[in-house]
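K.L.:
Sharing a sequence plus its predicted fold:
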Amino acid sequence: TRPDNHVVVLFGVTGDLAKRKLLPGLFHLAKAGLLPDRYRIVGSAPTQFALSDDDFRTYARDAVATFGLSEPSGPAWQSFEDSLSFGAADPQDPGPLLAAVQAAEESLGGEPRRLFHLAVPPSAFASVIGMLGDTNLAQHSKVIVEKPFGIDLASARALNKTIHAVFDESRIFRIDHFLGKESVDNILALRFANGMFEPIWNRDHISHVQIDVPETLGLEGRGHFYEGTGAFRDMIVTHLIQVLGIVAMEPPVWLAAQPLRDEKAKVFEALRPIEPGHVVRGQYDSYRDEPGVAPDSSTETFTALRLEVDNWRWAGVPFYLRSGKNLAQHREVITLGLREPPLRMFRTDLPHREKNQGNKIVIDFGDPGWIAARFLVKEPGPAMDLAPATMTFCYNDSFCQAHGLQGYERLILDAMVGDQSLFTRSDGIEHIWEVSTPLLDNPPPLQPYAPGSWGPEPAVSELIAPHQWYLPG
Ligand code: BG6
């Protein structure tokens, strides 16, 4: 079903996220015929960054041309461009935004829905929410709030309180775009639709889990944002732990927002408080020379850590999470390492033991992603020697990707139709901040690393021993 007619307001429209993902994503949705019959998109930013409607359209065209999947041209672009207008807003001076929203609503006629997307730094969330409340714009509206949601437990609780004073929980969409990725959503199908995987998805058969998102990207001009955020808040406490929630959750009783989010919240509740001794924090050499970064910055650009989910299914199974900027490879991979059978009847000096070749289920959740099962087979020849083999499912080989949506696209669409299944909930987020408190209170010292490396050495060795990071070539 197509969503009802909407006015979408993008706060922070001149920022990096709107330029790279939101404007190109909205155009892709429009082109795919998935936006409402009638819609208007109002860009907003503080007065000092105000644009005219024409300049905003040019800005959007450049953003789509640079970062979008399809060219901003032809009738599809024309009608998208016609839907764009700009309304500057400061909490003290919301006038231009109010006028732009009113004009957009009048041009649609009827009673269009309103969706606000707060693509602004966490420090600005509260004042924008306050303005939406004070101006009554919040009435009958939905709001998408970007991550990270707060910077610690106290601020997340305070932010929840601020938002709840203006929006009912059913109208709050805390977004984490990893949850909108096709291949992350597919984990539910892989686990719960297949007799092949679910029976072994537990501590009896799985020795450890890795959720590994190294990035080759540096700061990409986002020094100011990143300096106040760091790898832990930008990636771990948000994207990677949300993915962990899907990997570790119990089957929900049915596929709907409440049971899904209940099961994920239970995983976060079962997380053991993070031990600072199980965390490696790194900063790449030359980070302090980046624009927007303090010369004595203590912000980490790399975090690797070990988590434990203290419940019946996972007790004793370490979950290793790793992410950082300027690393050797760009990957998004989940690896479940399976326990080895005794292997008594085979040679004990098997090379696979040294080479990290034991059985594995590997989920690459990059775009478009793939899933592989790694196992041992007999190498052809007179001797009973074992060698690793792989069975792989590739999205591109099995499905036409033309129908695929990117994370943000899927989630904006879900928010329009009011489906909260793939959005995070206040209790889940508060549990995550709660278990992060020991680390935030006592962060281990920063360790330098060379750009293009795998981060500080202890993350590659001690932290994960006796296992190893598994990155398929
Ligand atoms: C964003 C982070 O949320 O996710 C970025 O702020 C990171 O630092 C990005 O690079 C990764 O997402 P994707 O979808 O590009 O893999």
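P.N.:
Received, thanks. Small disclaimer: the values here were computed from a predicted structure and weren't measured.

K.L.:
I'd like the next helix or strand past the worst-scoring helix or strand of the chain on mean pLDDT.
P.N.:
Among the helices and strands of the chain, helix 351-354 carries the lowest confidence by mean pLDDT, DSSP states H and E, at a mean of 55. Moving toward the C-terminus from helix 351-354, the first helix or strand encountered (DSSP states H and E) is strand 360-364.

K.L.:
List the contacts of whatever residue of the stretch 101-250 of the chain ends up closest to the ligand.
P.N.:
Among all residues of the stretch 101-250 of the chain, D234 sits closest to the ligand, at 4.8 Å; criterion: CB to the nearest ligand atom. (Glycine included, C-beta is placed from N, CA and C.) D234 sits next to 148, 226 when contact means CB atoms under 8 Å, 6 or more residues apart in numbering.

K.L.:
go on, D134?
P.N.:
With contacts taken as CB under 8 Å, 6+ apart, D134 has the following neighbours: 91, 94.

K.L.:
Now do the residue of the stretch 101-250 of the chain closest to the ligand against G228, distance only.
P.N.:
When CB to CB, to the nearest Å is applied, the distance between D234 and G228 equals 10 Å.

K.L.:
now R222
P.N.:
With CB to CB as the criterion, R222 and G228 are 10 Å apart.

K.L.:
The two: which is more packed in?
P.N.:
For R222 versus G228, the count of surrounding residues by other CB atoms under 10 Å is larger for R222: 19 against 15.

K.L.:
Could you find the closest non-adjacent residue to that one?
P.N.:
Leaving aside its chain neighbours, R222 sits nearest to D16 (5.6 Å; criterion: CB to CB, 6 or more residues apart in numbering).

K.L.:
mind listing what the one you found touches?
P.N.:
For D16, the contacting residues are 220-222, 225, by CB under 8 Å, 6+ apart.

K.L.:
Around the ligand, pick out the residues from the stretch 151-300 of the chain.
P.N.:
Applying CB under 6 Å from any ligand atom, one finds that the stretch 151-300 of the chain approaches the ligand through 177, 215, 217, 234.

K.L.:
and the third one, that's in a strand?
P.N.:
Put plainly, it is L217. No - residue assignment for L217, taken from DSSP: H, G, I helix; E, B strand; the rest coil, gives coil, which places it outside any strand.

K.L.:
Phi and psi next, for it.
P.N.:
Geometry field for L217 lists phi and psi as phi -60, psi 150, criterion degrees, to the nearest 10.

K.L.:
isn't it right up against G324?
P.N.:
No - at 10.1 Å, L217 does not count as touching G324 under the criterion of CB atoms under 8 Å.

K.L.:
Which parts of the stretch 51-200 of the chain are strands?
P.N.:
Counting by DSSP state E, counting those that start in this stretch, the segments of the stretch 51-200 of the chain that form strands are 84-86, 113-118, 141-145, 172-174.

K.L.:
Reformat those as TSV; add mean pLDDT.
P.N.:
Below are the strands of the stretch 51-200 of the chain laid out as TSV (pLDDT from 0 to 100):
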stretch	mean pLDDT
strand 84-86	98
strand 113-118	97
strand 141-145	97
strand 172-174	97
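
K.L.:
With distance to P445 and mean neighbour count as extra columns, can I get those in TSV?
P.N.:
Output for the strands of the stretch 51-200 of the chain, formatted as TSV (distance: least, CB to CB, whole Å; neighbours: other CB atoms under 10 Å):
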stretch	distance to P445	mean neighbour count
strand 84-86	46	24
strand 113-118	34	24
strand 141-145	33	22
strand 172-174	32	23
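
K.L.:
Rebuild the ones you listed as a markdown table, extending it with distance to E434.
P.N.:
Shown next, in a markdown table, are the strands of the stretch 51-200 of the chain (distance: least, CB to CB, whole Å):
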| stretch | distance to E434 |
| --- | --- |
| strand 84-86 | 40 |
| strand 113-118 | 24 |
| strand 141-145 | 19 |
| strand 172-174 | 16 |
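
K.L.:
So which residue is dead centre in the chain?
P.N.:
To find the centre residue of the chain, average its C-alpha atoms and take the closest one (CA atoms, centre = their mean): that gives F178, at 3.0 Å.

K.L.:
how about it, what does it touch?
P.N.:
F178 makes contacts with 184, 238-240, 242-243, 365, 407, as judged by CB under 8 Å, 6+ apart.

K.L.:
Next one: it, what pLDDT does it get?
P.N.:
With respect to pLDDT, F178 scores 97.

K.L.:
Neighbours of the nearest residue to it once chain neighbours are set aside, how many?
P.N.:
Nearest residue to F178, sequence neighbours excluded (CB to CB, 6+ apart): H239, at 4.1 Å. Residue crowding around H239 was assessed by other CB under 10 Å; the count is 24.
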